[in-house]
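Colleague: this is a predicted model, with the sequence first.
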Amino acid sequence: MSEKQASDSPERLLLFINALLEKKALNPVVLNVKAISAFADWFIICSGASDRQVRAIAAAIQESVKKTGLLPLGIEGESEGKWVLLDYDDVIVHVFLESIRTFYDLERLWGEAPRMALPENATFLSSLPKEI
């Protein structure tokens, strides 16, 4: 199995989602950008209520995914805790402070991308939800 196939598995995407749910990330959104992006397959966007929570969410994602041997290609904004970007090649995770997320509004910018319907108040998912 190639590296791309391994990282594109539903189980791997679930690791990202469950890590942010565990840290009670606010308003998580998963966008399927495969058909409209040349640089990623998935955008995961979520928020934290404080810079401390933003950093905790980003750290939890890194720890969870690292257990599978996957390391980020790049990390931006970690020290400030306002907008942390985790680049895992096919999956790009954006963890925002809520006010910064509202200002940049990536969901609108990538509005044509199909979304995954994440259940409200979920703390763990055993399988990926359907796209809407």
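Modeller: Perfect, I can see it now.
Colleague: now do the buried residues in whichever helix in the chain runs longest.
Modeller: When the chain is parsed with DSSP state H, its longest helix is helix 51-66. Within helix 51-66, the residues that qualify as buried are 53, 54, 55, 56, 57, 58, 60, 61, 62, 64, 65, counting by 16 or more other CB atoms under 10 Å. Heads up, the C-betas are built off the backbone N, CA and C, glycines and all.
Colleague: any chance of the residues you listed in TSV, plus pLDDT and distance to residue 94?
Modeller: As requested, the buried residues of helix 51-66 are exported to TSV (pLDDT from 0 to 100; distance: CB to CB, whole Å):
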residue	pLDDT	distance to residue 94
53	96	14
54	97	10
55	97	14
56	96	15
57	97	11
58	97	10
60	96	15
61	96	11
62	97	14
64	94	17
65	93	15
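Colleague: re earlier: so which elements touch the longest helix of the chain?
Modeller: helix 10-22, strand 42-48, strand 83-88, strand 91-97 (3 or more CB pairs under 8 Å, 6 or more residues apart in numbering; DSSP states H and E).
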